[in-house]
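**Student:** how would this look folded up:
(2 chains)
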Amino acid sequence: MRQSRHIGKTLRETPKDAQTIAHSLMLRAGYIQQLSAGVYVYMPLLHRTLTRISQIVREEMVAAGAEELLMPALQPKELWEESGRWERYTAIDGIMFAFKDRRGSTVCLGPTHEEIITDILRQEIKSYKDLPKCAFQIQTKFRDEIRPRFGLIRAREFIMKDAYSFDVDEQGLEVSYEAMRKAYHRVCQRLGFKYCAVEADPGAIGGSGSQEFMVLADTGEDTILFCNKCDYGANQEWASSVIETFPQNEEIKPIQEVLGEGIIKAEPLCKFLNLPMWKITKTILYEADGKLVAVMVRGDCDINEVKVANYLKCKSLRLLAPEKIKQLTGAEVGYAGPIGLPEGTLIIADNYVKDRINFECGANKTNYHNINVNFGRDLPYPEFGDFKLAEAGDGCPKCNGKLDSARGIEVGHIFKLGTKYSEAMNCRYLDAEGKSRPVIMGCYGIGISRIAAAYIEQNHDDKGIIWPIQIAPYHTHLIGLNLEEKNVSNEAERIYSVLQQEGIDVLYDDRQLRAGEKFSDADLIGIPIRLTMSKRTAEQGKIEFKLRTEKKSEVLTLQEAIAKIKAIIKESESKKSK
RNA sequence: CGGAGCGUAGCUCAGCCUGGCUAGAGCACUUGGUUUGGGACCAAGACGUCGCCGGUUCGAAUCCGGCCGCUCCGACCA
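**Tutor:** Residues are numbered from 1 along each chain as shown, chains lettered A, B, ... in the order given. As a prediction, this is how the structure comes out:
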């Protein structure tokens, strides 16, 4: 491509809306243009990169035994009602774009495709002999995100690869899931990511287990925790951890109400009462689908609301508003405790709350706290579970290691769905005994457009993007200098066409600009190999070769340069799965 | 949705508080000249429904009201 005819001007200044480096660089280098909130034009350079990312993903999906198809983005309401997700996705969460067509039928733009694929496969699968099956597509998804942000990281329209597996039983699902898990690792490796795969919350998609593929970046929206000894890793919203416990060998004391005026929050409280943090109890009041719930955790812990919501199986979980707390408990915020809550309040407590004696908790009276509280005597044992937020420094739940934390961008997420959709939508088969069984499903997503943004977030310098050869928009960037001299421009033109004949993708900067501007643009755009033809090199009959990752350049013959470029391309292609 | 902010040239922004006549700057763009291997310089030019609608006023980018759009902080997720 001749840069003089290329669409996508570079900008010197950072557009003010860009909050992350990747977003800013993509705007400045002409990879994206914003059309409205969370909606972007994929400009020619990005389009090429997305095509390459898609191709890598496609190759690994096919190698894992999946078959490609393409489903409609426009979907009928009926299938979503059948799966039971219509209300959640529209009225409750509002994540789905839905509207009426001219005949008055309600339709929506697909945020995901479990319903459609299940509808297709239930017509396909009749017998255990029809299984297993695995299908994937690379397609535009629509999600009316509550808050789109960071450019392509969280967009309302984005490109996703989604795959769906169908098996006869759990063991079959294990095999399919494992094949996808490996394929996801290969995709991440081929792309050249610094990443990690972690256990995750299946969330709205549902199912029994899931893993997220996290690209490590400080601007990531997620916090991940991983063990410094074993392979345990999990999204913080899903992670469990081990914390220190203390011997409970003191005598059981009588419960006592203590005045501690204006003293709230665990730390001031433990100083005031001269108690260790772990003896304090945080009791937080929530409204779960309109029902009052009190959650207790140890004073040195925080609550993980995802765990609480999962335990309660509720659709919405909100902190109780201060006015409501006062109305229901009679106390200001900060004095809530498990004793004396309104009738019918569900009390749940973190496991680490359980084996303590003579602990503290709020008295549900402004300025008062109870000490020497004991389960069984002062209040019944509540329901216990894992509700605390795991944090860096906690112990690993699998070994005796410690958890470290990092920020990550979720580029892939794989789920064991089980029978959630096949039961709801009647996707069944007859087994060898002639018995009807629901198909066991899995689903597997990769954010194609997000990968581009995540890669830049992880690989850039102060001058611009640094693409690897496998997903760069072009393999080489040919820079022509001194083009006003006929012999130089002739030579540059010749090299441009030789490179093309050799099957090397080349962006040829044939613009009449100064060297500095061309080099700056080249650094910004980030094509991995730069070839420079100028008066200087033309005289030697050679060309300057430079890698985007290196400071130094070398002067080579065209043949040598081509050989090097081909070696680099070949090296990246050797990672492809057969 | 709750909280905060912004909307003036392609981009970054000044002007608004304290209303005033042809609305500014830098970058980008056009033309000419000098330059020419890391975002040059000089000169001349082109480019604006000041987000939209309404109100106040002799007069509105500026004050007031409504609407729209965008961004940030929280819940969502590939």
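**Student:** need the residues of the stretch 101-250 of chain A near RNA strand B, please.
**Tutor:** A:112, A:143, A:145-150, A:152-155, A:158, A:160, A:201, A:203-205, A:212, A:221-222 (CB under 7 Å from any atom of the strand). Quick note: C-beta positions are derived from backbone N, CA and C, even for glycine.
**Student:** Kindly write the PyMOL command that selects the buried subset of the residues you listed.
**Tutor:** Buried residues within those, by 16 or more other CB atoms under 10 Å, are selected in PyMOL with:
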select buried, chain A and resi 112+143+145+148+150+152+153+154+155+158+160+201+205+212+222
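**Student:** How is chain A divided into domains?
**Tutor:** Domain assignment of chain A by automatic domain parsing yields the ranges A:3-239+A:405-457, A:256-385, A:474-573.
**Student:** What is the distance between the first one and the centre of its chain?
**Tutor:** Domain A:3-239+A:405-457 has its C-alpha centroid displaced from the chain centroid by 9 Å (CA atoms, centre = their mean, to the nearest Å).
**Student:** okay, the helix or strand that contains A:Val198 in CSV with CA atoms only?
**Tutor:** Using DSSP states H and E, the element containing A:Val198 is strand A:195-199. Provided in CSV are the C-alpha atoms of strand A:195-199 (Å, rounded to 0.1, in the frame of the first residue of the first chain):
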residue,chain,number,x,y,z
TYR,A,195,-0.6,-13.4,30.1
CYS,A,196,-2.0,-15.8,32.6
ALA,A,197,-5.1,-18.1,32.8
VAL,A,198,-7.1,-17.9,36.0
GLU,A,199,-10.2,-19.3,37.6
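**Student:** and A:Ile527, what does it touch?
**Tutor:** A:Ile527 sits next to A:467, A:472-477, A:507, A:548 when contact means CB atoms under 8 Å, 6 or more residues apart in numbering.
**Student:** Just put these in JSON lines and tack on pLDDT, secondary structure and neighbour count.
**Tutor:** Shown next, in JSON lines, are the contacts of A:Ile527 (pLDDT from 0 to 100; DSSP: H, G, I helix; E, B strand; the rest coil; neighbours: other CB atoms under 10 Å):
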{"residue": "A:Trp467", "pLDDT": "98", "secondary structure": "coil", "neighbour count": "26"}
{"residue": "A:Ala472", "pLDDT": "98", "secondary structure": "coil", "neighbour count": "25"}
{"residue": "A:Pro473", "pLDDT": "98", "secondary structure": "coil", "neighbour count": "26"}
{"residue": "A:Tyr474", "pLDDT": "98", "secondary structure": "coil", "neighbour count": "22"}
{"residue": "A:His475", "pLDDT": "98", "secondary structure": "coil", "neighbour count": "22"}
{"residue": "A:Thr476", "pLDDT": "98", "secondary structure": "strand", "neighbour count": "24"}
{"residue": "A:His477", "pLDDT": "98", "secondary structure": "strand", "neighbour count": "27"}
{"residue": "A:Leu507", "pLDDT": "98", "secondary structure": "strand", "neighbour count": "24"}
{"residue": "A:Arg548", "pLDDT": "98", "secondary structure": "coil", "neighbour count": "23"}
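**Student:** Could you dump those residues into JSON lines and include distance to RNA strand B?
**Tutor:** Converted to JSON lines, those look like this (distance: CB to the nearest atom of the strand, whole Å):
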{"residue": "A:Trp467", "distance to RNA strand B": "16"}
{"residue": "A:Ala472", "distance to RNA strand B": "17"}
{"residue": "A:Pro473", "distance to RNA strand B": "17"}
{"residue": "A:Tyr474", "distance to RNA strand B": "17"}
{"residue": "A:His475", "distance to RNA strand B": "18"}
{"residue": "A:Thr476", "distance to RNA strand B": "15"}
{"residue": "A:His477", "distance to RNA strand B": "11"}
{"residue": "A:Leu507", "distance to RNA strand B": "15"}
{"residue": "A:Arg548", "distance to RNA strand B": "10"}
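**Student:** just to revisit the earlier point, of the domains of chain A, which shows the lowest average pLDDT?
**Tutor:** Note on the domains of chain A: domain A:256-385 shows the lowest mean pLDDT, a mean of 89.
**Student:** Without its sequence neighbours, what residue ends up closest to A:Asp355?
**Tutor:** Closest residue in space to A:Asp355, ignoring its immediate chain neighbours: A:Gln248 at 6.2 Å, by CB to CB, 6 or more residues apart in numbering.
**Student:** now do A:Ala432
**Tutor:** Here the residue nearest A:Ala432, using CB to CB, 6+ apart, is A:Tyr128, at 6.2 Å.
**Student:** The helix or strand containing A:Glu360 pairs with which strands, parallel or anti?
**Tutor:** Using DSSP H and E, A:Glu360 maps to strand A:359-362. Here strand A:359-362 is paired, per DSSP bridges, with strand A:368-373 (antiparallel).
**Student:** Just the C-alphas of the strand it pairs with, formatted as PDB.
**Tutor:** Extracted in PDB, the C-alpha atoms of strand A:368-373 (Å, rounded to 0.1, in the frame of the first residue of the first chain):
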ATOM      1  CA  TYR A 368     -22.800   1.100  70.900                       C
ATOM      2  CA  HIS A 369     -20.800  -2.100  70.300                       C
ATOM      3  CA  ASN A 370     -21.200  -5.500  71.700                       C
ATOM      4  CA  ILE A 371     -18.100  -7.300  73.000                       C
ATOM      5  CA  ASN A 372     -17.600 -10.900  74.100                       C
ATOM      6  CA  VAL A 373     -20.300 -12.100  71.700                       C
END
